[in-house]
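Peer 1: here are the coordinates; sequence isn't available:
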């Protein structure tokens, strides 16, 4: 099963320091094929993606990060600093 039908907003970003990573803009364009452009946001960095996610999330919303596990440590540190 997929979570795609249950999501309302997407933020795409490029995996930091990974030359094989899909560019965030390209991923955003693919997502726009399935969701309206108003539901897709492209971020230039992990920090920007997290800040935007927290800004747009409601009190009862959940933010889920998909992708490479290589940046999960950085994401955890950033989220702890934003709280």
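Peer 2: Nice, thanks for sending it over. Please read all numbers here as calculations on a predicted model, not as lab measurements.
Peer 1: I'd like to know which helix or strand in this structure has the lowest mean pLDDT.
Peer 2: None of the helices or strands of the chain scores lower by mean pLDDT, DSSP states H and E than strand 10-12, at a mean of 80.
Peer 1: Return the distance of that one from the chain's centre.
Peer 2: Taking the mean of its C-alpha atoms, strand 10-12 sits 4 Å from the chain's own mean (CA atoms, centre = their mean, to the nearest Å).
Peer 1: Following the chain past that strand, name the next helix or strand.
Peer 2: As assigned by DSSP states H and E, the chain's next helix or strand after strand 10-12 is helix 24-32.
Peer 1: Mind checking the pLDDT average for stretch 62-79?
Peer 2: Mean per-residue pLDDT for stretch 62-79: 82.
Peer 1: ugh, wrong one, I meant stretch 15-24
Peer 2: For stretch 15-24, mean pLDDT is 82.
Peer 1: got the end-to-end distance for it?
Peer 2: Criterion CA to CA, to the nearest Å; first-to-last residue distance in stretch 15-24 is 8 Å.
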